[in-house]
Structures are given as structure tokens and as C-alpha cells.
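>>> give me the fold of what follows.
(one chain, ligands or ions: 1)
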Amino acid sequence: MANKYKIALIKGDGIGPEIVDEAVKVLDAVASVEDIEFDYSDYLMGGCAVDVFDNPLPQDTINGALASDAILFGAIGGPQYDTLPKEKRPETGLLKMRKELNVFANIRPAVIFDELTAASTLKEEVVKGVNLVVVRELTGGIYFGEPREKLADKAYNTMVYTKEEIKRIAKVAFEQAMKRDKKVTSVDKANVLEVSQLWREVVEEVAKDYPEVSLEHMYVDNAAMQLIRAPKQFDVILTGNIFGDILSDAASMVVGSIGLLPSASVGGKVGLYEPIHGSAPDIAGQGIANPIATIMSASMMLRDLGELNAANRIDNAIKAVLKEGYRTKDLSSFDAKEVVSTSEMGSLVAEYATK
Ligand code: NAD
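This is a model prediction of the structure:
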């Protein structure tokens with residue numbers, strides 16, 4: 001009997017519908033060879049939801065997302081919504097959705113494809129073979145800590161983590177490491193911050209449940225330097241909200257193009273899978289967006305659903321297609337044999353994924 005999954009599709013704005021459609025094409029292709037069935041439902045979030053419901057996150061979307069096994073999301077936003085009041089802005093819808101789903105762990109892999117090492121701003125020998133993942137705590141730390149206030153002559157924020165918050169994000173990182181090279185680098189500032197001292201203690205505690213995983217601690221300033229100096233040393237980087245915000249962006253640039261980076265936000269009942277880029281209104285509707293980040297997000301989704309063969313098929317297909325020299329426009333100057341459209345790229349990955 002086929003494994004069945006209910007997938008909520010939130011295509012969003014700009015290039016969102018184009019890239020999600022290609023990911024669905026690839027999901028359907030692997031489903032046909034792996035005995036999986038997907039039951040898709042479309043929901044509106046972001047600008048498109050404002051257009052229809054005057055609300056960037058309708059209750060129907062929240063209900064549909066919570067009733068699904070996973071959510072595949074494109075991107076939201078566009079210049080036409082930039083002047084709306086805060087509660088109607090597309091970004092407000094996305095932040096609210098993350099909160100509704102209680103996705104406290106943001107997972108961002110940064111993997112370089114051999115064929116695209118030239119797309120990185122770093123030297124080829126530094127980046128070739130990079131395959132790391134940043135596990136960032138997403139719903140706590142200094143971005144949410146109280147008290148916080150901006151006064152006329154001073155302002156302050158509070159960095160706070162409870163043991164429970166550290167424990168649950170650490171577990172996510174160790175679970176990731178178990179599926180990878182079994183190494184966790186926990187990044188903090190324990191030489192200065194008490195909150196980081198507690199972070200270290202709790203991470204050490206969690207590590208005891210994962211004896212196969214090696215754990216190292218690194219100060220965030222050193223981690224920033226090491227990411228640029230020798231990124232290949234990392235497997236899983238575990239860190240808090242603000243450090244993760246900064247380090248995951250740095251890590252993403254190590255591998256070059258924004259159109260190649262997927263992400264997963266997990267920890268609640270249902271995971272949210274999305275490319276790290278935005279809705280790219282400047283290229284929307286032209287058929288030139290790179291769908292690979294979204295297709296890779298779909299692969300992460302399958303991995304979390306336990307469909308490893310299907311996920312491997314997608315990952316291998318992307319590698320094969322890039323190796324053959326097919327490129328969307330954003331990567332056309334890097335060893336392109338043929339420049340293809342968004343839809344052609346999706347079809348190619350779908351075809352290779354069934355081989
Ligand atoms: P962006 O990521 O949308 O675009 C930045 C640049 O990268 C643009 O030149 C764009 O054409 C290019 N680009 C992005 N994705 C691409 C792809 N798949 N293929 C080829 N090129 C790609 O960032 P931005 O321009 O700062 O923001 C545009 C809108 O997206 C804004 O409204 C912003 O708020 C929103 N945004 C949404 C999310 C999200 O939905 N998670 C994230 C970031 C930004």
C-alpha cells in the first residue's frame with residue numbers, strides 16, 4: 001500500500017507559484033516510482049491572501065496547514081504591499097504562521113555543487129566539498145526576551161533562554177548529526193554571556209544521549225572566521241537565534257547562488273519547507289526563476305517524512321542535471337551547456353528523479 005501524505009501548498013507571491021509548481025512536478029515524479037501518494041491542498045498566505053481576504057494569514061490557511069503532514073511554501077511579498085499597515089503586510093502573515101506552527105528550529109543546509117564552485121565568492125579549494133547545516137533556534141533568545149525598551153538616552157534587550165528551550169533545539173541538532181557526519185559544533189559566547197554558559201551545560205547534557213556524535217564548542221566570533229576560512233570543517237552548527245541569523249546568512253553565501261538554498265522550520269507538529277530566497281518580484285512571471293531551492297526544500301520535506309529513497313532520488317537528480325550543464329538564467333555564466341526556463345528545469349529534475 002502506498003504511503004499517503006497530505007501536503008499543504010502555500011505558493012505565495014511573485015515567483016512563489018512558479019517554483020512551487022516545479023517542486024510539485026518533481027514530487028509527483030518520485031511518487032510514481034516510490035509508491036507514495038500526495039494529497040495536495042492550496043492555501044493563500046501573503047500578498048495574494050491580502051488581495052482576496054484583506055488578511056495575510058486567513059484562518060483557513062492556518063487550519064489547513066495544521067491539518068497537513070507537511071507544508072511546502074514558496075515566498076511572499078512584493079512592492080505593492082510595502083505601504084500596507086503592519087498587520088496587513090505579507091511578512092506578518094509568515095511570522096504569524098511560524099508562531100502558529102511552533103516551529104522553533106530553523107534548519108538551513110549549505111551544500112556546494114561541484115559544478116558551481118565558481119559561483120561562490122570564495123576560492124574553489126576552500127568551498128569545494130562544503131556540506132554543512134545550520135540549526136538555528138528560531139523562537140527565543142534576544143529577539144524575543146523581555147524586558148526590552150528603547151528610551152531617549154538608552155535602549156536595552158534581554159537575551160534569555162530556558163533550559164527547556166536549549167534542550168529541544170540541541171536535540172534537533174544532534175538528530176540532524178545522526179543522519180549526517182555525526183559532528184555538532186555548538187556556537188555561543190560563553191566567555192562573556194551567562195546565557196551561553198547555560199547553553200553549553202545543557203548542550204553537554206543532551207550530547208550524552210548521542211554518544212556517536214562528537215561535540216565541540218566554538219565562540220561565535222571564531223565561528224564567523226572559521227566559516228569563511230575553512231567551511232569544510234563543519235557538519236552541524238547548533239546555535240541560538242541571533243548568532244544563527246548572522247551565521248546562516250554567511251554560510252549561505254559560501255555556496256554562492258540564492259536560488260540553490262532550501263530550508264526547513266521544524267519542531268512543531270507540522271514542518272514548513274521553503275527556499276531561503278524571497279518572492280523575486282523583479283523576475284516574476286518571466287519563467288527564469290531557479291526552482292532548485294524549492295525542489296531541494298521538497299526533498300528535505302520527504303526526508304523528514306521518512307521517505308529517504310524519494311529524497312535521495314531528488315538530490316541525485318539535481319546533481320545530475322547540474323552536471324549535465326543545464327542552468328537557469330541566474331547561473332548561466334557558470335559552465336552552462338544549455339540555459340533552460342523554470343519549467344524546463346523542473347521537468348529535467350523530474351525526469352532524472354525517476355531514472
Ligand atoms: P529576493 O530573495 O526575492 O530577491 C533577491 C534577488 O535574488 C533578486 O534579484 C531576485 O531576482 C533574485 N532571486 C531570488 N530568488 C531567485 C530564484 N529562485 N532564481 C533566480 N533569482 C532569484 O529578495 P528581495 O528582492 O529582497 O525581496 C523581494 C520580496 O520578497 C520582498 O517583498 C521581501 O519582503 C520578500 N521576501 C520574502 C521571503 C519569504 O517569503 N520567506 C524572504 C525574503 C524576502
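>>> residue contacts, residue 290?
Shown in contact with residue 290 (C-beta atoms under 8 Å, 6 or more residues apart in numbering): 19, 257, 259-260, 328-331, 342, 345. Quick note: C-beta positions are derived from backbone N, CA and C, even for glycine.
>>> what about 10 Å?
By C-beta atoms under 10 Å, 6 or more residues apart in numbering, the contact list for residue 290 reads 15, 19, 22, 257-260, 275, 277, 280, 283, 327-331, 342, 345.
>>> out of the residues you listed, who's near the ligand?
15, 258-259, 277, 280, 283, 330 (C-beta under 6 Å from any ligand atom).
>>> name the SS class of the closest residue to the ligand within the stretch 51-200 of the chain, please.
Residue of the stretch 51-200 of the chain nearest the ligand, by C-beta to the nearest ligand atom: residue 77 (2.4 Å). Going by DSSP: H, G, I helix; E, B strand; the rest coil, the secondary structure assigned to residue 77 is coil.
>>> can you pull out the helices in this structure?
16-34, 47-53, 59-66, 90-101, 124-127, 163-178, 194-207, 220-229, 241-254, 292-304, 308-323, 342-353 (DSSP state H).
>>> and the first one, what other elements does it pack with?
Using 3 or more C-beta pairs under 10 Å, 6 or more residues apart in numbering; DSSP states H and E as the contact criterion, the secondary-structure elements in contact with helix 16-34 are strand 3-12, strand 36-42, helix 47-53, strand 70-75, strand 271-275, helix 292-304, helix 308-323, helix 342-353.
>>> what pairs with the fifth one, and is each one parallel or antiparallel?
Read that as strand 271-275. Here strand 271-275 is paired, per DSSP bridges, with strand 70-75 (parallel), strand 262-266 (antiparallel).
>>> model confidence over it, on average?
Here strand 271-275 scores 97 as its mean pLDDT.
>>> now do the longest one
Averaging pLDDT along helix 308-323 yields 97.
>>> in CSV, list the helices and strands packed on helix 16-34 along with distance to residue 157 and mean neighbour count.
What follows is the helices and strands packed on helix 16-34, written out as CSV (distance: least, C-beta to C-beta, whole Å; neighbours: other C-beta atoms under 10 Å):
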stretch, distance to residue 157, mean neighbour count
strand 3-12, 30, 21
strand 36-42, 39, 15
helix 47-53, 30, 19
strand 70-75, 29, 26
strand 271-275, 26, 25
helix 292-304, 31, 26
helix 308-323, 39, 19
helix 342-353, 41, 22
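>>> the residue in the stretch 151-300 of the chain that the ligand sits nearest to - nearest residue in space that isn't next to it in sequence?
Distances between the stretch 151-300 of the chain and the ligand by C-beta to the nearest ligand atom are smallest at residue 278, namely 2.5 Å. In space, residue 278 comes closest to residue 75 once its chain neighbours are excluded; the distance is 5.1 Å by C-beta to C-beta, 6 or more residues apart in numbering.
>>> show me what counts as buried in stretch 83-95.
Applying a neighbour-count criterion of 16 or more other C-beta atoms under 10 Å, one finds 88-90, 92-94 buried in stretch 83-95.
>>> check stretch 240-252 too.
Neighbour count says stretch 240-252 has 240-245, 247-248, 251-252 buried, by 16+ other C-beta under 10 Å.
>>> may I ask which two of those are separated the most?
240 and 252 (18.0 Å; C-beta to C-beta).
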